[in-house]
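Undergrad: What would the 3D arrangement of this be:
(5 chains)
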Amino acid sequence: MILEKRIPISYLFKMIRWELLTITIFTLTLDKVSQYFQEITLNLSVPAFMGTAITLILSFKLSQSYDRWWEARKIWGAIVNDSRTWVVQLKSFLPKEHDSIKILSYRQIAWCYTVGHQLRKTEILEGEKALLDQEEWKHLKTAKHPALGLIDLQAKEISHLVRDGKINTFQEIALQDTLTRLCASMGKAERIKNTSFPKTYRWTMRFFIYLFLLLLGFSLTSMPYDLEIPLSVLISIPFFLLEQVAMDIQDPFENRPTDTAVSSIARTIEINIRELLGEDDLPEPIRPDKFYIM
Amino acid sequence: MILEKRIPISYLFKMIRWELLTITIFTLTLDKVSQYFQEITLNLSVPAFMGTAITLILSFKLSQSYDRWWEARKIWGAIVNDSRTWVVQLKSFLPKEHDSIKILSYRQIAWCYTVGHQLRKTEILEGEKALLDQEEWKHLKTAKHPALGLIDLQAKEISHLVRDGKINTFQEIALQDTLTRLCASMGKAERIKNTSFPKTYRWTMRFFIYLFLLLLGFSLTSMPYDLEIPLSVLISIPFFLLEQVAMDIQDPFENRPTDTAVSSIARTIEINIRELLGEDDLPEPIRPDKFYIM
Amino acid sequence: MILEKRIPISYLFKMIRWELLTITIFTLTLDKVSQYFQEITLNLSVPAFMGTAITLILSFKLSQSYDRWWEARKIWGAIVNDSRTWVVQLKSFLPKEHDSIKILSYRQIAWCYTVGHQLRKTEILEGEKALLDQEEWKHLKTAKHPALGLIDLQAKEISHLVRDGKINTFQEIALQDTLTRLCASMGKAERIKNTSFPKTYRWTMRFFIYLFLLLLGFSLTSMPYDLEIPLSVLISIPFFLLEQVAMDIQDPFENRPTDTAVSSIARTIEINIRELLGEDDLPEPIRPDKFYIM
Amino acid sequence: MILEKRIPISYLFKMIRWELLTITIFTLTLDKVSQYFQEITLNLSVPAFMGTAITLILSFKLSQSYDRWWEARKIWGAIVNDSRTWVVQLKSFLPKEHDSIKILSYRQIAWCYTVGHQLRKTEILEGEKALLDQEEWKHLKTAKHPALGLIDLQAKEISHLVRDGKINTFQEIALQDTLTRLCASMGKAERIKNTSFPKTYRWTMRFFIYLFLLLLGFSLTSMPYDLEIPLSVLISIPFFLLEQVAMDIQDPFENRPTDTAVSSIARTIEINIRELLGEDDLPEPIRPDKFYIM
Amino acid sequence: MILEKRIPISYLFKMIRWELLTITIFTLTLDKVSQYFQEITLNLSVPAFMGTAITLILSFKLSQSYDRWWEARKIWGAIVNDSRTWVVQLKSFLPKEHDSIKILSYRQIAWCYTVGHQLRKTEILEGEKALLDQEEWKHLKTAKHPALGLIDLQAKEISHLVRDGKINTFQEIALQDTLTRLCASMGKAERIKNTSFPKTYRWTMRFFIYLFLLLLGFSLTSMPYDLEIPLSVLISIPFFLLEQVAMDIQDPFENRPTDTAVSSIARTIEINIRELLGEDDLPEPIRPDKFYIM
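TA: The predicted structure is shown next:
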């Protein structure tokens, strides 16, 4: 997540450097070519309405990308809530100091980190070794879907507690409900990760932007040479930037600065859970050392 | 689902080939005709504002189509989550190694494939033979609504387990809830499949696009002949493409490249469920051999 | 619901015939009048930006109407799902071949048809005679709200089954939940039926369209007489059509071709329920004989 | 709620009479002033793009106001549904003819009217005397929040029924759930009532409209005197009307014609509940005597 | 929350004073510079379409900010509803005058204030001393997350009541559900607080506004000196104001006048709860002494 700090201009420049290069070469070429068609200039109305048109398309696209980004954040917010609820329920249903409270809570912490790593395809279950039973840990390392395996372990432990008479069947259902919601949140995050935004939509939009800049170039040929180039490039910047912003926020689990801050959120969950368990030695929240937090 | 790969230009061209042909013939004719009305040229303001107007209508239409597409994907995401929950619940409620776990889980896999086939009207229950009891399979082959029949079988089995005292009535309700959600997801997908986007809306939009191109043609008659034609065609491309993109994504169960990837999702569910059952020999995920995945 | 078939052009023409007549007379008059003010022509920028403005208002209005239409369809989708769930639950909770299964299922079919008729204010309970007990049927015929009466009967029967010990209290709650959802769906459909879209909003929009056409007429007076009239009329068509499309889809229970296809959906529910009950002689789905289905 | 009837033109005129007066004086002044700056005319492009700009802002504002209005209507739709469910549940859980059915149902009717009155700040609990126990009625008359007091009484009665063994604890939970939903609906309506639309947003929008009309006035100074004034006023009408429509529908509990028809809805609930109780002498629905219904 | 009162013009001016200063200096400079390029004027079409473009982007941005603001208000509305429900449930489940009713209700009041203070980072738990047990209060003062600690205490007390046989396990689940919803509301408010709006999005928008004003300045150089400056500044005002309004409402827990009125809402909850407990000496609602309420 990009923070409320100063973004380095280099970061913004890098986002659209290829597009700017393309458009510069393109305008230079156009200028050369148009000298042979001196008499032809396109009325500015045409690129003007096309500029409005692509802004419309871009705005809708940006709005849809923003919705994906916000949905991703909501999903992780739900994971925070359900993780807290999980521990509050365990503490309230089980006798004080019962072993399972700690096991089930630590496994929940591990699950949060694991879901984050699976989404970003980073080193899964590396840091979670200390939170899990070693046997389990080894088994999960080789699993196709370790996070689902962890949920399965939680459900198994709950059913053991029912059979041992530690919790009654109503409490079982309440815990199962929390687990179902956690399982659903994981699935929702995976849905966003695995569904690419309609490609043809994006392709068309890019085509539209370039067509607009081409027609704009034609319309401005009457301007002096050394003003037309910077003007074309300047006008193209916000369009390319907006398109790139939309691209960045629509895929929030790609291990990039614009990601949903899943590591940081998982750490917050760990701190909350450990405090609920009455531990004193709480880990520190993740602090950003740059203009973003992961 | 179109993947994050290079889309062949031929695919994009095929989407709008008839519209482009129409518009080319149309502009050529217009040019011939307008020679007799040399003196008349329409002010460019008229087609310019109409261009903005149709982009607006198109953007809203695209946004509504996108919502249908995304809703379809959400429905299948919910099917993934509830299928996983179904198996996690069965494993946690029933004694280990109980026969019904496998039967109910395999039937759930079969159900996922069947819903996909029913939506796309492809060979229903062909590949699902191995997952079902042969008696059941034969019966369902002739059913009007095989997927609903499968849900009915699941419910029946659950009530048998209750009567045999294998699960208690709270657990029955929890499983029934999962089944109700699955039944609702199926119904929601069918709603999208069976409800066509308001036809009059689309008709009006197409009329609007052609009217715009007609007026644009009139306004550009002052331009040289060999520039007006390509310009008109170029400007028309993004409008036709956007309209086609909207058309494609609004109906996501038509056995087309832009479909929701229901076969691939059903396979993922199969892999998840088989892993939860502790099987070792897991099937491979579906790999795309083209620029899309089904 | 308008189907994916060719819509007769006469249907579209009928939608806006009065508006077109008005605008023709109006433009003819304007042309006569403007001969006395030859020197005055309005700059095209004014009607141009107003054209954009009304398209914006129209697009938002269309989007809100579409949401109502889609919400209506979703409500009926939920009725399909809950009707199926109702029968699946009954079959799973009650002993096989218990009389109440059939009674409660048939009454559910009757309820679906009745809700449709009540919304459209068509012959309520006429076709449902065979599905209901004759005593009940007579009583409901005179009721102010027959569909609510049917839900009441269902609830009463459920409580009888509880008192007779046929279903336990958990199952009662599960069935009550389904009934509550059905009751809510009915209420939601009634809400859409009984809430007219803000009238002042629509009035303003129409005023805006006519103002735009008036100013457009003034701006085009410099054009030849025999081009101005058809041009004005042509340009007005999409605006009137879009307004009419919005009007049509926003009220989806008016016994019109653009309605939500409640009769057809109720028939689908009947087929599904009868198949779940194991009947062989299933009714046919409703087939459209025109370009729409009711 | 404004009905599908002819709205008196005077009603529409009253909505914007001050704005129209302002704009007339304003344009007259401008015309006088501009005679001293004869040579200066602003290019029409500037007010034209500003006209588009404010329509955009207005459309979004209108869309947000519409959402508030529709949400208010949805909340009252939910109150209808939950009131019906409440009575259906009571009749199904309690023995036939049990006194509490009538008491709890009548109190529900009283609650609906009371919520309406509290929202509109009209004579609370005046007409509800006959529906309530006189002791209760006196007590509630002095309460800070009578509607919440009524919900409290309902909950108390339910817990008495549980203690007397008339309903079991599952049925208690089901009734409590309905009560919780009713309590939530009340809170949601209060939220809309008590949250004013961001004031700075509205202020900016009005500033924008006047700025637009100022610049438009400047641009039209080249037109003849007796055409500029009516033109400016005509163009300003839809903008002021749209702003006023947005203002009216965004606050739907102000005892105005554009209100959500809470009295009429409460009456419908009364009729439904009395019919469910088997009463014959049902009250009439509220009939509009004007172009709106309260 | 800004109230429906007159906003001091100074407040609005302060919102955009730096932007206005920048734009004045900027236009003055531009005017000086452009004297050397007398012959160059940009066609007004370019800034005109860019003005439309940034209004579009701004409108969408404003709409997203509004959604955050409204979501924040909805979350606090849910806290109101669930707090009332909490007390209604306690009173209905527990024997009259049971000590726990008061303890659990007062702690709920304290929780509401605490969540508000935590969100705004103001003096947490200062005013809540009287509502809590002194032991608890001291413990929470040092906690990392006092509000979560309070929820934990509530859950613990509920489980004590279950073990003492004061409430049954169904009632436990119902109270747990309410607690889960409260915990989720807290988490949702924290999500809004901790997620900054995509920074690159905002940066691009500001760049776009300045680019527009630069081009507008270039286009107006033909106007007299003493008209161009005020015109440029006037036109820039609504854009900067709208951007600032969006900025203000998107972060509703910053201890600013545009905040969600969490202190005032918490006071309302206190009044409602104390009235439900039958207390006579109710605190006064918070009265605004300015044009806003906190």
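Undergrad: quick one, phi psi at A:Asn255?
TA: phi 60, psi 50 (degrees, to the nearest 10).
Undergrad: Near chain E, which residues of the stretch 1-150 of chain A? Just list them.
TA: With C-beta under 8 Å from any C-beta of the partner chain as the criterion, the stretch 1-150 of chain A comes near chain E at residues A:1-5, A:7, A:12, A:15, A:44-45, A:47-49, A:51-52, A:55-56, A:58-59, A:62-63, A:66, A:69, A:73-74, A:77-78, A:80-81, A:84-85, A:88-89, A:91-93. C-betas here are computed from N, CA, C, even on glycine.
Undergrad: Quick one: neighbours of A:Asp31, just the number.
TA: Number of residues near A:Asp31 (other C-beta atoms under 10 Å in any protein chain shown) recorded here: 17.
Undergrad: Buried ones in the helix or strand it falls within, by neighbour count?
TA: Element membership for A:Asp31, per DSSP states H and E: helix A:17-34. Buried residues in helix A:17-34, counted by 16 or more other C-beta atoms under 10 Å in any protein chain shown: A:Glu19, A:Ile23, A:Phe26, A:Thr27, A:Leu30, A:Asp31, A:Ser34.
Undergrad: That helix packs against which elements?
TA: Packed against helix A:17-34 by the contact rule (3 or more C-beta pairs under 8 Å, 6 or more residues apart in numbering or on different chains; DSSP states H and E) you find helix A:199-219, helix A:225-250.
Undergrad: Show me which positions of the longest one end up buried.
TA: Neighbour counts over helix A:225-250 (16+ other C-beta under 10 Å) mark A:228-229, A:231-233, A:235-250 as buried.
Undergrad: Now find how far off-centre whichever helix or strand comes after it is within its chain.
TA: Next helix or strand after helix A:225-250 toward the C-terminus (DSSP H and E): helix A:262-276. Relative to its chain's centre, helix A:262-276 lies at 19 Å (C-alpha atoms, centre = their mean, to the nearest Å).
Undergrad: before we move on, what about stretch A:250-266?
TA: Offset of stretch A:250-266 from its chain centre (C-alpha atoms, centre = their mean): 4 Å.
Undergrad: Just checking it against chain E, any contact.
TA: Yes: Stretch A:250-266 is in contact with chain E by C-beta under 8 Å from any C-beta, via A:Thr258.
Undergrad: Any part of that stretch near chain B?
TA: No: against chain B, stretch A:250-266 shows no contacts by C-beta under 8 Å from any C-beta, the least distance being 9.3 Å.
Undergrad: for the record, mean pLDDT for that stretch?
TA: Per-residue pLDDT over stretch A:250-266 has a mean of 93.
Undergrad: Name the residues of that stretch that are buried.
TA: A:250-253, A:257-266.
Undergrad: Please produce a markdown table containing the buried residues of helix A:17-34, extended by pLDDT.
TA: Below are the buried residues of helix A:17-34 laid out as a markdown table (pLDDT from 0 to 100):
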| residue | pLDDT |
| --- | --- |
| A:Glu19 | 86 |
| A:Ile23 | 85 |
| A:Phe26 | 82 |
| A:Thr27 | 80 |
| A:Leu30 | 76 |
| A:Asp31 | 73 |
| A:Ser34 | 69 |
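Undergrad: in chain A, which ranges drop under the pLDDT threshold?
TA: Scanning chain A for pLDDT under 70 picks out A:34-41, A:225.
Undergrad: Would you mind reformatting the helices and strands packed on helix A:17-34 (as a markdown table) and adding columns for distance to B:Leu276 while you're at it?
TA: As requested, the helices and strands packed on helix A:17-34 are exported to a markdown table (distance: least, C-beta to C-beta, whole Å):
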| stretch | distance to B:Leu276 |
| --- | --- |
| helix A:199-219 | 33 |
| helix A:225-250 | 31 |
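Undergrad: wait, which of these is closest to chain C?
TA: Nearest to chain C among those is helix A:199-219 (17.4 Å), distances taken as C-beta to the nearest C-beta.
Undergrad: That closest one packs against which elements?
TA: With contacts taken as 3+ C-beta pairs under 8 Å, 6+ apart, helix A:199-219 sits against helix A:17-34, helix A:45-93, helix A:225-250, helix B:9-15, helix B:225-250.
Undergrad: Tell me which of the ones you listed lies nearest to C:Leu140.
TA: Closest to C:Leu140 of these is helix B:225-250 (C-beta to C-beta; 40.2 Å).
Undergrad: still on that earlier bit, possible to save the helices and strands packed on helix A:199-219 as JSON lines with distance to B:Ile124?
TA: Shown next, in JSON lines, are the helices and strands packed on helix A:199-219 (distance: least, C-beta to C-beta, whole Å):
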{"stretch": "helix A:17-34", "distance to B:Ile124": "47"}
{"stretch": "helix A:45-93", "distance to B:Ile124": "33"}
{"stretch": "helix A:225-250", "distance to B:Ile124": "35"}
{"stretch": "helix B:9-15", "distance to B:Ile124": "28"}
{"stretch": "helix B:225-250", "distance to B:Ile124": "24"}
